[in-house]
Every structure is written in structure tokens, then in C-alpha cells.
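Q: Have a look; sequence and predicted model below, questions after that.
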Amino acid sequence: MVLLGVGCGRQHEIIGSREVSVAYLWGLAHEGSTQIKEDLVLRGYVTLNDVLGESSRSFVVSDESGGLEVKLDAANIFTFLPLGSEVAIHCSGLYIGREGGTLALGLRPTSVYAVDRIPLEQMLNYIVVGEYVSDCLQPTLIAIGDMDYDDMFRYVMVEDVWLVEEERGLLWCDVDATTGEYISSVRHFTDGRDTLAIVTAPTAIYAGWKVPHYRARCIGVVDIDKNMVALRLSNHQITPMEE
């Protein structure tokens, strides 16, 4: 395989053809946007979507090496890309967009964002969805203290954590005093030594629910909030440790 970088502002070209991993795509990404010229195929599983409003117009695809966000201009993505569904993404013609610590896959950027969203009518040009929902990909068990930027969008599980005392009684999302609407918010859990930030989108259906304060097992994808590593729950997977 031959890689060829062509300088054109902050955009780069990649030439090659083979099945690749998420980690491989991360390795190709530059700051800004990187064009993929040949048919690099990424196979993975959907680990975050909008079924509970935890993401909006995007989904996360993961494999054993990590995860990345795919920008898709559609609502109700969960109806055709359910959690656990296997996907094959033909990356030729797409762009990898890197902004700080995050990575997204989409179309050529036309504004301030690193990539544009793929229109729904073009989705099948790039994304092939498997026939079955699978539980083949299991979350990686990780300690709070070991979670860092290298784990961005990785599908992970954190065990035996509980809500910090000062946040007991709070909802998952705060309410804007002016508009009365929910806003993206962070709640903090601890394992008795380190602290885990869990970020929740205001579109999540549980934004107005009280945060549980039992010892919990949390499953989701590693994300970033205000330049800090955080966890975003997937399918509201937070359960008591005794289950």
C-alpha cells in the first residue's frame, strides 16, 4: 500500500486500497481534513446513535481498535442503523476530519467544520448495513484513571462508580434559566480515587431524570467536553453493580 500526501491548504490525499481498522484511520488523520482517495473499507459496529437522543445527526462506529464518529444528515438514525448493527464503510471519497481530540468521517468540508454531513440519499454510496444486530463487540473494561484522549470514541465500560455527594438530587441535564430548555451537562462519578465526567446531550430522553446514586456499571463511548475526557452513555446503560 502506498500513501501519498498532497499539500493543499489543510487537506491531504490518501491513496491505497484495503480493509482497515479505526486505529488505522486515526493514524492517517491530520489536523483539519484528510481526503481518502481509494476504497479503504472500515468494518465495525454501531455503538452510539440517536435511539435515546444521545447523539444527533451522527453515529459512532467501533471495532476492537477504537471508535470514530460518522456524520450523517438524518434523523431517527436508529431505525436503519440500530445499536449493535454491523456496518462496512467504503471510505473512498470521504474525508476524515480532526478537530482537537475528536475524529469524524464525512464529506468534503464547506464551512468551519472539519467534515460535512453525508446526505441520507447518499448514505448507501458509502455505508453497507449488515442484516443482523450483533453483540460481537463487547465494551472494553477500563478504570477511570486509565481513560485518556487516546481512547476517544472507544466503546468502554466503567464499573463500581457512584455519583459524587454534592450532585445527588440533580437531573442529568441542567435547565437554562432564560429559555427553560435543557442544556448539555456533565455529572461526576467517582470510584473513591478518581473522578469520571459523564456528559449528557439535552436531546437525551432522560435529560430530565434524576441521576441515580447507587454503585453503578456504566457503558458508553469516550468523548470530550470542554477539552476534558468524558464518557457519553450509550442506550442509557447505567445499572446497579449487583445486576
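A: Nice, I can see it.
Q: low-confidence ranges in the chain?
A: In the predicted model of the chain, residues 1-17, 243 satisfy pLDDT under 70.
Q: So in it, which strand runs the longest?
A: Longest strand of the chain, by residue count under DSSP state E: strand 228-240.
Q: excluding its backbone neighbours, what's nearest residue 113?
A: The shortest distance from residue 113 to any non-neighbouring residue, by CB to CB, 6 or more residues apart in numbering, is to residue 97 (7.0 Å). (C-beta placed from N, C-alpha, C; glycine too.)
Q: And the longest helix along the chain, what does it pack against?
A: Scanning the chain for the longest helix, with DSSP state H as the assignment, gives helix 22-28. Judged by 3 or more CB pairs under 8 Å, 6 or more residues apart in numbering; DSSP states H and E, the packing partners of helix 22-28 are strand 41-48, strand 58-63, strand 66-73, strand 102-106.
Q: partners of the shortest one in the sheet?
A: Read that as strand 102-106. The strands beside strand 102-106 in its sheet (DSSP bridges) come out as strand 66-73 (parallel), strand 95-99 (antiparallel).
Q: same thing with the first one?
A: As defined by DSSP bridges, the strand partners of strand 41-48 come to strand 19-20 (parallel), strand 58-63 (antiparallel), strand 85-90 (antiparallel).
Q: Now do the buried residues in it.
A: 42, 43, 44, 45, 46, 47, 48 (16 or more other CB atoms under 10 Å).
Q: which residues pair with the closest residue to the second one other than its chain neighbours across the strands?
A: Distances taken as CB to CB, 6+ apart put residue 88 closest to residue 43, at 5.0 Å, once the chain neighbours are dropped. Here residue 88 shows beta-bridge partners residue 43, residue 128, assigned using DSSP bridges.
Q: check contacts around residue 88.
A: Counting by CB atoms under 8 Å, 6 or more residues apart in numbering, residue 88 touches 41, 42, 43, 127, 128, 130.
Q: do you know how far residue 150 is from residue 67?
A: Here the criterion is CB to CB, to the nearest Å. By it, residue 150 lies 12 Å from residue 67.
Q: Of these two, which one has the most company?
A: More crowded of residue 150 and residue 67, by other CB atoms under 10 Å: residue 67, with 26 against 13.
Q: I'd say that one and residue 153 touch.
A: Yes. Residue 67 lies in contact with residue 153 (CB atoms under 8 Å); the separation is 3.3 Å.
Q: what touches both of the two?
A: 22, 60, 221, 222.
Q: The first one: neighbour count?
A: When you say that, I think you mean residue 22. Neighbourhood size, residue 22 [other CB under 10 Å]: 23.
Q: Give the closest residue to it in space, chain neighbours not counted.
A: Excluding its sequence neighbours, the residue lying closest to residue 22 (CB to CB, 6+ apart) is residue 66, at 4.4 Å.
Q: partner residues bridging the one you found?
A: Here residue 66, judged by DSSP bridges, has bridge partners residue 63.
Q: on that earlier part again, as CSV, the contacts of residue 88 with distance to residue 180 would be great.
A: Output for these, formatted as CSV (distance: CB to CB, whole Å):
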residue, distance to residue 180
41, 46
42, 41
43, 44
127, 38
128, 43
130, 42
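Q: I am finished for the moment; much appreciated.
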